[in-house]
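Asks: Predicted coordinates and the sequence they were generated for:
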Amino acid sequence: MTDVAIIGAGAAGCFCAANLGRICPEANITVYEAARRPLAKVSVSGGGKCNLSNSFEDISLEKAYPRGARLMKRLLAAFGPAECMEWFTSRGVSLVTESDGRVFPSSQKSSSVTGALLGEIHKYGVRIKTGCRVASIEAKDKGYRLNIEGQPAVRADKVVVTVGGLSTAKSTKIFDGMGLTLERPVPSLFTLKVPTPVTALSGISVPSVRLRLTGSKIESEGALLITDWGFSGPAVLKLSSYGARFLAENSYSATVSVCWLPESSEQEIRSLLAGYIAGHPGKSLASVHPAEIPGRLWTFILGLAGLDKEARYSSLGDKAISRLCARLLDSSFEIRGRARFKDEFVTCGGISLSEINPTSLESKACKGLYFAGEVLDIDAITGGFNLQAAWSGGYCVAKAIASS
């Protein structure tokens, strides 16, 4: 009988355990979790509704996975969104795919997903031991010894590491002495702290903007929400993912450029303003504006361009038009820190993918040692892509162990 230890009862660990228990019933499988309950992060994902996957329509893997896209192409070919949705629906979880591609349980409750997973785990006799923090892993006796804080060490023939993001120095100590290469972990998926005066517009949402980190080629598009501390919303979360390392290297002090009308060229914006001048010459600049830009924000942008909101469109000259066009295409704001994205915090970095067999996710240096989920140097933007990576990785590891 093969003893398999899975370290971490998150999405990747539990999915690996559930599938390994089914396809390899003779294995002795134990999941060790440091927290008091399994699947805690899955329970709060998607605002408690659990955005468990994505249709992957209208997005490239490189855009979905800033790190690990090449490996994800292989993993998704083995177990992709279609297989994921079939897995859950066949276990009684009805699913709905929203217009933007995000997949949720029809119940809109994460308990539907966690219940199906835990039910499958218990069905095949897999044990989950909570409150068990593995402090270190040692190669020993053609297998591994897991040293658990405050408890006796345990032995395993094969070990699967699914501990999630390595966000602290303590979390990386588990690998000390194993000769593994770690890509430096840094935060991803966070909102940006931007000083006043823009925060006076707190609560305003813009349906589509283009953001760019000045001094780089890093940019994103999507909705923007102005908050009392700065910028949030899908465009910002994507930018923080794409620019995770750039922002960390600059101590979260940078400049972000906002294009308020990303679908329009400078010439198109000039034509729009010319239409306002011709059609509404007696109206104030504040009273007529693009439908995409809320009134308070439009007034703010007028101020950035040095224009009086009470001035009439008939008074708008060529220089004023040029200044307003420039601000609509590029309004710059200073970033002075980051804010954590609730409990769906994601880490960029982890075990280097160059050291992992891309089919089995087994360590090339340490045979019988596997990795899945965020502990690897794979992370994604929001939208169900991170959970899909966990399901795909956990499944591929289970298949690899069963066939070894």
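Replies: Nice, thanks for sending it over.
Asks: Low-confidence ranges, the stretch 1-150 of the chain, go.
Replies: Along the stretch 1-150 of the chain, the model assigns pLDDT under 70 to no residue.
Asks: Report the contact partners of the closest residue to Gly143 other than its chain neighbours.
Replies: For Gly143, ignoring the flanking residues on the chain, the nearest one in space by CB to CB, 6 or more residues apart in numbering is Asp157 at 4.6 Å. For glycine as for every other residue, the C-beta is placed from the backbone atoms N, C-alpha and C. By CB atoms under 8 Å, 6 or more residues apart in numbering, the contact list for Asp157 reads Thr2, Asp3, Val4, Lys142, Gly143, Tyr144, Gly368.
Asks: State the phi and psi torsions of Asp157.
Replies: phi -70, psi -40 (degrees, to the nearest 10).
Asks: mind checking pLDDT for it?
Replies: Note on Asp157: pLDDT of 98.
Asks: Report the outermost residue of this protein with respect to its centre.
Replies: Gly282 (48.2 Å; CA atoms, centre = their mean).
Asks: Touching, it and Arg312? I think so.
Replies: Yes - taking contacts as CB atoms under 8 Å, Gly282 lies within contact range of Arg312: 5.9 Å.
Asks: Pop the domain breakdown of this structure in here.
Replies: 3-186+343-403, 190-340 (automatic domain parsing).
Asks: for the stretch 151-300 of the chain, what are the low-confidence residue spans?
Replies: Across the stretch 151-300 of the chain (using pLDDT under 70), the flagged ranges come out as 168-170.
Asks: now the strands for it?
Replies: 154-156, 158-161, 182-188, 190-193, 205-213, 219-226, 230-232, 253-259 (DSSP state E, counting those that start in this stretch).
Asks: With respect to burial, which of those strands scores highest?
Replies: Mean neighbour counts were taken over those using mean count of other CB atoms under 10 Å, and the top value, a mean of 27, falls to strand 158-161.
Asks: Export only the CA atoms of that strand, formatted as PDB.
Replies: Below are the C-alpha coordinates for strand 158-161, written out as PDB (Å, rounded to 0.1, in the frame of the first residue of the first chain):
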ATOM      1  CA  LYS A 158       4.800  10.200  -1.900                       C
ATOM      2  CA  VAL A 159       4.200  13.800  -0.900                       C
ATOM      3  CA  VAL A 160       2.000  16.400  -2.600                       C
ATOM      4  CA  VAL A 161       2.600  20.000  -1.600                       C
END
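Asks: quick one: strands adjacent to that strand?
Replies: Neighbouring strands of strand 158-161 in its sheet, by DSSP bridges, are strand 3-7 (parallel), strand 369-371 (parallel).
Asks: Helix or strand next in line after the longest one, which one?
Replies: Going back to what we said before, that points to strand 3-7. helix 11-23 (DSSP states H and E).
Asks: Residues contacting that following helix, please?
Replies: Against helix 11-23 from outside (CB under 8 Å, 6+ apart): 4, 6-7, 27, 29, 31, 33, 38-39, 41-42, 117-118, 120-121, 123-126, 128, 160, 162, 372-375, 387, 390-391, 393-395, 397-399, 401-402.
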